[in-house]
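Trainee: I would like to see how this sequence folds:
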Amino acid sequence: MSFGVVEGEPATGPDGLTVAEIDGHPFGQIRFTEQRWALADVRLLSPILPSKVVCVGRNYADHAAEQGAAVPSEPLLFLKPSTSVIGPHDAIRLPPQTRRVEHEAELAVVIGPPGARRVDRAGAEAAIFGWTCANDVTARDLQRSDGQWTRAKGFDSFCPLGPWIATDVDMTDREVRCEVNEEVRQLGRTKDLVFDPATLVSYVSHVMTLLPGDVVLTGTPAGVDVLSPGDTVLVRIEGVGELANPVVALD
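Mentor: Sure, this is the predicted structure:
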């Protein structure tokens, strides 16, 4: 396993794209090895394994409304464990404890060096290394019955990330889409976030130190719905890429 840089324009599709291997990690001065592969021949893993995934609830007004909840006056934070992270094409595994697992397509912020601790907005913007697609998979019935969100959000495989980290992209107004079996279920835009990414990073950094490689999920638009074994769920974020995962039952 190693980090690499996708060479070419990923938005045009995988044909003709190559992956150039990095010596070490992508934070700091990048040094390339002499290894290059066709993107089609590479298995993409989660582009980062964070020490923590910090999530934000009800950060789109339309999603708050569909849940019958008010938009919070401050960002509503919760955590997903690093063990919930999977990569592109890895299976979302539906555990037997729940009867209703739902998708939540989200823009994810990846934190770069030196991290962020008690930073202002300018410091938060400087701490953003890049962006990736995320699916905040949620056992909705357990979220409601437990009264808090740890179990509902924390199962293994409940945080797909990928397919890569896009850098130098303006995410002010980008489409966030979720399809299940090619049917569009969620369709929103990042301009409709209640709290924008820099505001979220700054806010989180006043609660906990964000380390390089940590991930902040920015919230999901309306349209969340149930996943079933045999489904394929796709999160597509304009300017970033596509994250596809099959859904299977966990015996």
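
Trainee: now do the strands in the stretch 151-251 of the chain.
Mentor: Ranges of strands within the stretch 151-251 of the chain are 159-166, 175-180, 183-189, 215-217, 232-237, 241-249, based on DSSP state E, counting those that start in this stretch.

Trainee: name the helices or strands packed onto the fourth one?
Mentor: When contacts are defined as 3 or more Cβ pairs under 8 Å, 6 or more residues apart in numbering; DSSP states H and E, strand 215-217 sits against strand 53-57, strand 105-111, strand 128-135, helix 197-205. In this view, the C-beta of every residue, glycine as well, is placed from N, C-alpha and C.

Trainee: now the first one
Mentor: Counting by 3+ Cβ pairs under 8 Å, 6+ apart, the packing neighbours recorded for strand 159-166 are strand 85-86, strand 128-135, strand 241-249.

Trainee: ok, now the longest one?
Mentor: In terms of contacts (3+ Cβ pairs under 8 Å, 6+ apart), strand 241-249 is packed against strand 92-94, strand 128-135, strand 159-166, strand 232-237.

Trainee: for the second one, name the packing helices and strands.
Mentor: In other words, strand 128-135. If you count contacts as 3+ Cβ pairs under 8 Å, 6+ apart, strand 128-135 packs onto strand 105-111, strand 159-166, helix 197-205, strand 215-217, strand 232-237, strand 241-249.

Trainee: kindly report the same for the shortest one.
Mentor: When contacts are defined as 3+ Cβ pairs under 8 Å, 6+ apart, strand 92-94 sits against strand 241-249.

Trainee: put the alpha carbons of the strand it packs on into CSV.
Mentor: What follows is strand 241-249, C-alpha atoms only, in CSV (Å, rounded to 0.1, in the frame of the first residue of the first chain):
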residue,chain,number,x,y,z
GLY,A,241,-15.2,12.5,-8.0
GLU,A,242,-17.4,9.5,-7.4
LEU,A,243,-17.5,7.1,-4.5
ALA,A,244,-19.4,3.8,-5.1
ASN,A,245,-20.0,1.0,-2.6
PRO,A,246,-22.0,-2.2,-2.7
VAL,A,247,-24.3,-3.0,0.1
VAL,A,248,-24.4,-6.5,1.7
ALA,A,249,-26.0,-8.1,4.7
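
Trainee: neighbouring strands for that strand, and are they parallel or not?
Mentor: strand 92-94 (parallel), strand 232-237 (antiparallel) (DSSP bridges).

Trainee: in TSV, list the helices and strands packed on strand 215-217 along with mean neighbour count.
Mentor: Listed next are the helices and strands packed on strand 215-217 as TSV, based on neighbours: other Cβ atoms under 10 Å:
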stretch	mean neighbour count
strand 53-57	25
strand 105-111	27
strand 128-135	24
helix 197-205	21
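
Trainee: nearest to residue 170, out of these?
Mentor: Of all the helices and strands packed on strand 215-217, strand 128-135 sits nearest to residue 170, with 10.1 Å by Cβ to Cβ.

Trainee: who does the closest one pair up with?
Mentor: Strand 128-135 has these strand partners (DSSP bridges): strand 105-111 (antiparallel), strand 159-166 (antiparallel).

Trainee: now that strand against strand 53-57, angle please.
Mentor: For strand 128-135 against strand 53-57, the angle by axes from the mean of the first three to the mean of the last three Cα atoms, to 10 degrees is 70 degrees.

Trainee: state the mean pLDDT of strand 128-135.
Mentor: Mean pLDDT, strand 128-135: 98.

Trainee: show me the beta-bridge partners of residue 85.
Mentor: residue 159.

Trainee: wait, doesn't it sit right on residue 52?
Mentor: No - using Cβ atoms under 8 Å as the test, residue 85 is too far from residue 52 to be in contact (10.4 Å).

Trainee: more neighbours: which of these two?
Mentor: residue 85 (23 against 18; other Cβ atoms under 10 Å).

Trainee: fine, thanks again, bye for now.
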